[in-house]
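S.K.: Quick check, what structure comes out for this input:
(one chain, ligands or ions: 1)
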Amino acid sequence: MQYNLAIIGSGPGGYVAAIRAAQLGQTVALIEKYSTLGGTCLNVGCIPSKSLLDSSEHFFNAQHTFAEHGIKTGTLEVDFTQMITRKNTVIKKINDGLHYLMKKNKITVYNGLGSFVDKNTIKITKADATEESITADNIIIATGSKPTVLPFIPIDKKRIITSTEALSLNEIPKNLIIIGAGVIGVELGSVFARIGAKITFVEFADSMIATMDKTMGKELQKAMKKDFSANFYLNHKVTKVENFGNEVLVTAESNGQTVELKGDYCLVCIGRKPFTDGLNLESLGIVLNKGQIPVDEKTLQTSIPNIYAIGDVIRGAMLAHKASEEGVLVAEIIAGQKPHINYNLIPNVIYTWPEVASVGQTEEQLKEKGINYKLGSFPFKALGRAIASGDEDGLVKVLADKITDEILGVHIIGARAADMISEAVSAMEFRASSEDIIRTSHAHPTYTEAFREACMATDNKAIHI
Ligand code: FAD
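M.R.: Numbering: from 1, shown residues only. Down below sits the predicted model:
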C-alpha cells in the first residue's frame, strides 16, 4: 500500500500527527507494535498514573480531611484490586476512543514492529511473525521512550521495578524505596503513601524535582513530610540494589558515608531514554546523538528530508503535550503550512497534592543569565477559596522583567495548580506583563486570584497579605 504519510508509534505524538494530517487531506498509516494505541502516555504513563493518583487521593481525603468538613465515615479500607481494575477500565475507554478517532479520520492502523527498508518503505513485522511492507512519501518517527536503567541496578520487575510495573502491582508496598525524586517518582510515591506505604526517596541531586524552580522542591518536600512522613536521602548516590526474596536492600553514599535502606519494593525512577530499537535507522545513515534522533530545530526533519521525528525520541522535555504539539507541527509543515512551537512556554505539571505547575524561566535560570527580574509571591493560606476548601499549602511565584514588567516565569505549588498554569501560559504567549494580569478581572472566590495577587506582589501591592 502507498500512503502520503506513515507514522511509526501511536503515542500522543504519533496519533495526534495522524489525525491532523488526515484533517489536512493526507492518506495516513499509523504503525504500532502493541495491540493498544496511545503509547506510554495512555498505557503506562500519564493516564494510569493520574487514575491511581485520583483514587488514592479520595482515600487519603476520606481518612484525613472528611472529619474536619463534618463528614463521618465508618472504617475505611482500600480495595487495591478494584483500584487497579478501575485504572485498566479508564485505559480501555480511552483506547476505544482512539480506535474510533482513527476510523473517523480514515487512518489505517497496522499492528506490528515498524522497520525501515529504505527512506520510503517500512516493513511491518506482526506478532505472528508475518511481514507486510508499505510505502509513504513522508514518514514520522514517534517511537517514544522507555525507562532508563543503570547496569548496577538489576530491574527484576518483581521487587526492583520501574514505573511500568508499579502501575500494575498486586499488592500495596509496605516500605517503598524510590530511587529518584523527579516527577514520576514523586507521583507514584504519593499514590502508595496515600494508601498506606511508608516511602523513602534516594536522590542524587540536592533537591527533589530538581529541574523545577528550587522553591517548588522545597515546598513539595515540606508537604510530603507533613502528609506522609516521607524520608529523604538527597545528595545520595545509589551504589547497589539487591533483592533478597521479599526484601530489597538499597545502598547509597553521600560524602563518604554509606547508608543501607531496607524495603519490600524498590521503584527506580531515574528518567527515561529515547526508544529506537528495531527501526533500522543505521541503514538510512541516521546517527543518534545521546540516543536521540537529531532533527532540524524548526521543521523536525531528520538528516533524511522526508523523514521527521517527534516526541520523546528527540530533544526536549519528555511530555505528552510537547509530543502532540510536534505532531501537529510536522503534519502542518508537510501540508505546506508554517507553524511554530514556543518551547519556552510548554508547561510542566506534577500531579502530587499539592500539585506543582510551572511555565517559563526559573529564578535560578534568570540569575544565571543575569536578567534583572522582580519576584512576587502569594501563599494559598491567605486566599479565601483555599481556606474554604482546606487546601492551604503552597504558593504562587511570579517572575517578571524588572524594567518591562513582562512575565518571564510562573511557578505554582498548590491545589489545582495543574489547571491554573494555563492562564499563565496564555498570558505569556501574548507576552503579558504582570500589570495585564492585575487589570484582568478574576472571579472570587477562586484559586486563580492567587496568581493575580502574586502579580500584584511583584510591585508590593498584593491586597490580601
Ligand atoms: P510514546 O507515548 O512513548 O509512544 C511511542 C509508541 O511507539 C509506543 O506505543 C511504542 O510501542 C511505539 N513503538 C516504538 N517503536 C516502534 C516500532 N519500531 N514500531 C511500531 N511501534 C513502535 N507526560 C505528560 O505530559 N503528563 C503526565 O502526566 C505524564 N505522566 C507520565 C507518567 C509516567 C509513569 C510516565 C512513564 C510518563 C509520563 N509522561 C507524562 C510522559 C509521557 O508519557 C511521554 O512524554 C509521552 O508518552 C511521549 O509521547 P510519544 O508519542 O513521543 O511516545
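S.K.: Poorly predicted segments of the protein, please.
M.R.: Counting by pLDDT under 70, the chain has no low-confidence residues at all.
S.K.: Residues of it that sit close to the ligand?
M.R.: On the criterion C-beta under 6 Å from any ligand atom, the ligand has as its neighbours in the chain the residues 8-14, 31-34, 39-41, 44-46, 49, 113-114, 142-145, 163, 184, 275, 278-279, 311-312, 318-321, 323. To be clear about C-beta, it is placed using only N, CA and C from the backbone, and glycine gets the same treatment.
S.K.: Residue nearest the middle of this structure, spatially speaking?
M.R.: L319 (4.9 Å; C-alpha atoms, centre = their mean).
S.K.: got the contact list for that residue?
M.R.: 346, 348 (C-beta atoms under 8 Å, 6 or more residues apart in numbering).
S.K.: give me phi/psi at it?
M.R.: Backbone torsions for L319, taken as degrees, to the nearest 10, come to phi -130, psi 150.
S.K.: Same check on V250?
M.R.: phi -110, psi 130.
S.K.: That one and L267 touch, don't they?
M.R.: No. In this structure V250 lies outside contact range of L267 using C-beta atoms under 8 Å: 10.5 Å.
S.K.: anything in contact with each of those two?
M.R.: Common neighbours of V250 and L267 (C-beta under 8 Å, 6+ apart) are 177, 179.
S.K.: What pairs with the longest strand seen in the chain, parallel or antiparallel?
M.R.: Longest strand of the chain, by residue count under DSSP state E: strand 131-141. Paired neighbours of strand 131-141 in the sheet (DSSP bridges): strand 2-8 (parallel), strand 121-125 (antiparallel), strand 307-309 (parallel).
S.K.: any chance of those strands in JSON lines, with mean neighbour count too?
M.R.: Formatted as JSON lines, the strands paired with strand 131-141 follow (neighbours: other C-beta atoms under 10 Å):
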{"stretch": "strand 2-8", "mean neighbour count": "24"}
{"stretch": "strand 121-125", "mean neighbour count": "18"}
{"stretch": "strand 307-309", "mean neighbour count": "27"}
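S.K.: Include distance to M212 when you put the ones you listed into a markdown table, please.
M.R.: Output for these, formatted as a markdown table (distance: least, C-beta to C-beta, whole Å):
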| stretch | distance to M212 |
| --- | --- |
| strand 2-8 | 32 |
| strand 121-125 | 39 |
| strand 307-309 | 26 |
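S.K.: For the ligand, what's the nearest residue on the stretch 251-400 of the chain?
M.R.: Here the residue of the stretch 251-400 of the chain nearest the ligand is G311; by C-beta to the nearest ligand atom that distance is 2.2 Å.
S.K.: Surely that residue and I8 touch.
M.R.: No. When contacts are counted by C-beta under 8 Å, G311 is not listed as touching I8 (11.0 Å).
S.K.: At which residues are the strands of the stretch 151-300 of the chain located?
M.R.: For the stretch 151-300 of the chain, the strands defined by DSSP state E, counting those that start in this stretch cover 160-161, 175-179, 198-202, 231-233, 237-243, 248-254, 257-263, 265-268, 272-274.
S.K.: contacts for the fourth one?
M.R.: In this structure, residues lying in contact with strand 231-233 by C-beta under 8 Å, 6+ apart are 181, 198-203, 208, 221, 225, 252, 254, 259, 261.
S.K.: farthest-separated two in those residues?
M.R.: Within these, K198 and S254 form the most distant pair, 20.8 Å apart (C-beta to C-beta).
S.K.: roughly how far out does stretch 382-396 sit from the chain middle?
M.R.: 25 Å (C-alpha atoms, centre = their mean, to the nearest Å).
S.K.: List the contacts of the residue of the stretch 51-200 of the chain found nearest the ligand.
M.R.: The nearest approach of the stretch 51-200 of the chain to the ligand comes at G144, 2.0 Å away (C-beta to the nearest ligand atom). Going by C-beta under 8 Å, 6+ apart, G144 touches 9, 11, 13, 39-40, 274-275, 311-313, 323.
S.K.: Make CSV from those residues and add secondary structure and neighbour count to it.
M.R.: Converted to CSV, the contacts of G144 look like this (DSSP: H, G, I helix; E, B strand; the rest coil; neighbours: other C-beta atoms under 10 Å):
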residue, secondary structure, neighbour count
G9, coil, 29
G11, coil, 28
G13, coil, 32
G39, helix, 28
T40, helix, 25
P274, strand, 22
F275, coil, 16
G311, helix, 33
D312, helix, 29
V313, helix, 27
A323, helix, 30
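S.K.: Considering the residues you listed, which is situated nearest to P173?
M.R.: T40 (22.4 Å).
S.K.: Quick check: closest non-adjacent residue to the closest one.
M.R.: G144 (5.3 Å; C-beta to C-beta, 6 or more residues apart in numbering).
S.K.: ok, now I437?
M.R.: In space, I437 is closest to C455, 4.3 Å off (C-beta to C-beta, 6+ apart).
S.K.: now what about whichever strand or helix holds that neighbour, what contacts it?
M.R.: Here C455, judged by DSSP states H and E, is contained in helix 449-457. Helix 449-457 is contacted by residues 375-378, 380, 382-386, 395-398, 400, 407, 410, 412, 414, 420, 423-424, 434-435, 437-438, 440, 442-443, 462-465 when judged by C-beta under 8 Å, 6+ apart.
S.K.: which of those residues are buried?
M.R.: For the contacts of helix 449-457, a burial check counting by 16 or more other C-beta atoms under 10 Å picks out 375-378, 380, 382-383, 385-386, 395-398, 400, 407, 410, 412, 414, 420, 423-424, 434-435, 437-438, 442, 462.
S.K.: which stretches of the stretch 351-465 of the chain form strands?
M.R.: 355-360, 373-379, 395-401, 407-414.
S.K.: Give me the angle between the last one and helix 449-457.
M.R.: By that I understand strand 407-414. Calculated by axes from the mean of the first three to the mean of the last three C-alpha atoms, to 10 degrees, strand 407-414 forms an angle of 140 degrees with helix 449-457.
S.K.: strands paired with strand 407-414, and their directions?
M.R.: The sheet places strand 407-414 alongside strand 355-360 (antiparallel), strand 395-401 (antiparallel), with pairing taken from DSSP bridges.
S.K.: and the first one, how far out from the chain's middle?
M.R.: Okay, so that is strand 355-360. For strand 355-360, the distance to the chain centre is 12 Å (C-alpha atoms, centre = their mean).
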